[in-house]
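S.K.: Below are the sequence and a predicted model; questions follow.
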Amino acid sequence: MVKYLADGSSMIAYTYNMFLDHATIALLGGNGGNGCVSWRHEKYIPMGGPYGGDGGKGGDVVLVADSNTDTLSDFGSRKRFEAQHGQSGSGKQCHGSDGQDLVLPVPPGTLVTDITTNKVLADLRTPGERVTVVHGGRGGYGNAHFKSSVRRKPDFAEKGEPGEGSTVRLDLKLVADVGIIGYPSVGKSTLISVVSSARPKIAAYPFTTLIPNLGVVTAKGRQFVLCDVPGLIEGASEGKGLGDRFLRHIERCGILIHMLDLSRALQEDGTLNPQALIADYRAIRKELKAFSPALTKKQEIVVLNKCDLTREPLTPLLSALKRARIVITASISAATQQGTAALMSTLLPLVLSERLQRAKPHTSKTISIPTLHPQDEHIGMRDFQVEHTKGSVRVTGKRLEQFAAMTNFSSPGGLLRFRDVLRKIGIFSQLNRAKKRGDSLWIGHTKIDPYL
C-alpha cells in the first residue's frame, strides 16, 4: 500500500522505504558460558578432585538467502541483532548448553560487506546459500579441564569468551534473467503485467513505478524471471527523477529489454519521426554508462511498444533507427498483448544460453573456529605486538587477547595461571616498563593491572 503525501518527494521516499534494498546492521555473536569450579564429593571416593563442567559455546549469526524474502525491510527499523549466549557449566562435569544460532533470512542477491574493512564477506545469489558473519564465543573451561600431574587441585575456571561483533552493510541486487529499462511511461509495467502474474501499479503519469517489480514468465514450458525497473530520464546519474539508485537491480540481469515508446515518434499529422526515439535511446544508454560501464556490455534487445497507436507502416521508421545503429528486435503493443507472447518465446533461448554462461559454483563462506586446549595454552601466545602510546601500553594478539578476556582475575588460581603464561611468552618486560612509567596496560580490550 502506497501512502500518498502532499509532498511528492516524500511519497517516493515512503514507498522506497517499504522496498528496502540497502541496510546497515550490527551483528553480535553470543557470549560463551562460564566454566564451573566444582569438586567431586562422593562416598567411597575420598579424593574426588575437580569436577566442574565447561561452559557452552555462544550462538553464531548466520545470513541465509531465502526465496520467500524479496526486500530488506525487516532491517529497516531494527539495527542490532544478537545470538543467544551459551549457558554456564555446572558440577559433575555437566557441560552448559550451547547458544542457538541466530539465522537471518535475506533476499537472494544480497551482497554482505564489512563496514570496517569494506571487504565483501558474501554474495548470496542462490536460495539456500548462507554465510556465518560473526561467531559466538567459546565456552570457558571448568576446573576439571586444568587437572594435571603438577596442578592437582585447580581452584579456577575460565570465563566465557565474548562473542564476535561486526557492522555489515547489506545491498540487495535483485536476481532476474531479464531486466526492462526505458523512459517513464513507455509500458514496462504493462508488459510485465501481461506476461506474468505480477501486478505492478499502472497509471497514465510518469514515475508510476517507484520500486522494482519481479515477474515469472512461462514460455514453451520453461520459466524465467523478468524485472521491471523504475523509469530513467536524462540526468538520472546526477539524481534527477528517481535517480540511478535502482540500476543496481539490473546489474545481475543477463539480458536487457530496452523499451521505446512509439508515441514519442508520432507527430500531430500522423507521421512518424524517428529522432525522438533515437534521442531517448541514446540518453538511456548514456545513463547506463555513467552508472556502470559493465551495463552497456550486457546483451540488449530493443523493443518498440505501443504499435497499436498508428496504422502507418513501420518500415521507414525501423530503417531510420537501424541507420542510427538501433536494431528493433520486436514491435509490440503491451496493452493489447500484440506480439508479447512471441517476444517471450524469442527471449527464452537467449535466457537459457545466458544462464549457462553465468553458471558458476557458488559456496557460502565459513570461518573455522580454532579449538584451544589447556595443554597448548602457550602456543600462539607469542604472536603478539606491543604498542606504546602516551600513558598506556597496548598488547595485541588474537590468542593472547582471547586468553586475557577469559581469565577470571578474581580467582587466585586463575591469576597465577595468567602470570605463568605471561612469564613463558616473555611479556613481563612490558609489564615492568608500564609499571615504571605508571602507564596503564591493555591486552586487547582487557585492562590489566601492571602490578599483578
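M.R.: Structure received.

S.K.: for this protein, which residue is closest to the average position?
M.R.: residue 112 (2.7 Å; CA atoms, centre = their mean).

S.K.: tell me which element it falls in.
M.R.: Using DSSP states H and E, residue 112 sits in strand 110-114.

S.K.: Sheet partners, orientation included, of that strand?
M.R.: strand 120-124 (antiparallel), strand 165-172 (antiparallel) (DSSP bridges).

S.K.: for the stretch 251-400 of the chain, what are the low-confidence residue spans?
M.R.: 358-379 (pLDDT under 70).

S.K.: who's in contact with residue 449?
M.R.: 409, 441 (CB atoms under 8 Å, 6 or more residues apart in numbering). Just so you know, the C-beta spots here come from the backbone N, C-alpha and C atoms, and that holds for glycine as well.

S.K.: and the gap between it and residue 349?
M.R.: 73 Å (CB to CB, to the nearest Å).

S.K.: With residue 399 instead?
M.R.: 57 Å.

S.K.: who's more crowded, these two?
M.R.: Neighbour count, other CB atoms under 10 Å: between residue 399 and residue 349, residue 399 has more, with 19 against 12.

S.K.: part of a helix, is that one?
M.R.: Yes - remark: residue 399 belongs to a helix, assigned using DSSP: H, G, I helix; E, B strand; the rest coil.

S.K.: from what I can see it touches residue 381, true?
M.R.: Yes - Residue 399 lies in contact with residue 381 (CB atoms under 8 Å); the separation is 5.5 Å.

S.K.: any idea where the helices of the chain begin and end?
M.R.: 8-18, 188-195, 275-291, 315-323, 340-358, 398-406, 412-424, 428-437 (DSSP state H).

S.K.: Name the stretch among the ones you listed that sits most buried.
M.R.: Compared across the helices of the chain, helix 188-195 shows the largest average neighbour count, a mean of 24 (mean count of other CB atoms under 10 Å).

S.K.: which strands and helices sit next to that helix?
M.R.: Contacts defined by 3 or more CB pairs under 8 Å, 6 or more residues apart in numbering; DSSP states H and E place helix 188-195 against strand 178-181, strand 213-219, strand 222-228, strand 255-261, helix 340-358.

S.K.: Try it again at 7 Å.
M.R.: In terms of contacts (3 or more CB pairs under 7 Å, 6 or more residues apart in numbering; DSSP states H and E), helix 188-195 is packed against strand 178-181, strand 213-219, strand 222-228, helix 340-358.

S.K.: Tell me the strands beside the first one, with direction?
M.R.: For strand 178-181, the paired strands and their directions (DSSP bridges) are strand 222-228 (parallel), strand 255-261 (parallel).

S.K.: thinking in terms of the whole chain, how far from its middle is the last one?
M.R.: Meaning strand 255-261. Distance of strand 255-261 from the chain centroid (CA atoms, centre = their mean, to the nearest Å) equals 29 Å.

S.K.: One more: stretch 177-193?
M.R.: 27 Å.

S.K.: Would you mind confirming that residue 400 makes contact with residue 381?
M.R.: Yes - counting by CB atoms under 7 Å, residue 400 does reach residue 381; the two are 5.2 Å apart.

S.K.: coming back round to it: between the helices of the chain, which one is closest to residue 95.
M.R.: helix 398-406 (16.4 Å; CB to CB).

S.K.: Return the list of helices and strands in contact with that closest one.
M.R.: Using 3+ CB pairs under 7 Å, 6+ apart: helix 398-406 touches strand 440-443, strand 446-448.

S.K.: And for the closest residue in space to residue 65 that isn't next to it in sequence, the neighbour number?
M.R.: Excluding its sequence neighbours, the residue lying closest to residue 65 (CB to CB, 6 or more residues apart in numbering) is residue 124, at 4.0 Å. Residue 124 is flanked by 27 other residues according to other CB under 10 Å.

S.K.: again with residue 331
M.R.: 18.

S.K.: Tell me who's in contact with it.
M.R.: For residue 331, the contact set (CB atoms under 7 Å, 6 or more residues apart in numbering) comprises 304, 307, 314, 339.

S.K.: now those in TSV, with distance to residue 324 and neighbour count?
M.R.: What follows is the contacts of residue 331, written out as TSV (distance: CB to CB, whole Å; neighbours: other CB atoms under 10 Å):
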residue	distance to residue 324	neighbour count
304	13	24
307	19	17
314	15	16
339	22	18
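
S.K.: With distance to residue 422 added, can I get those residues in TSV?
M.R.: Compiled in TSV, the contacts of residue 331 are given as follows (distance: CB to CB, whole Å):
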residue	distance to residue 422
304	77
307	81
314	84
339	79
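
S.K.: Show me the two of these that sit farthest apart.
M.R.: Top of the distance list for the contacts of residue 331 (CB to CB): 314 and 339, 11.8 Å.

S.K.: Strands - which of the contacts of residue 331 land there?
M.R.: Taking DSSP state E, the ones among those that sit in strands are residue 304.

S.K.: Of the contacts of residue 331, just say which sits nearest to residue 95.
M.R.: residue 339 (67.8 Å).

S.K.: Now the closest one: closest residue in space that isn't a chain neighbour?
M.R.: Leaving aside its sequence neighbours, residue 339 sits nearest to residue 332 (CB to CB, 6+ apart; 3.7 Å).

S.K.: what sits against that neighbour?
M.R.: 303, 305, 307, 338, 339, 340, 343.

S.K.: which one among the contacts of residue 331 gets closest to residue 443?
M.R.: Out of the contacts of residue 331, the member with the shortest distance to residue 443 (by CB to CB) is residue 304, at 69.5 Å.
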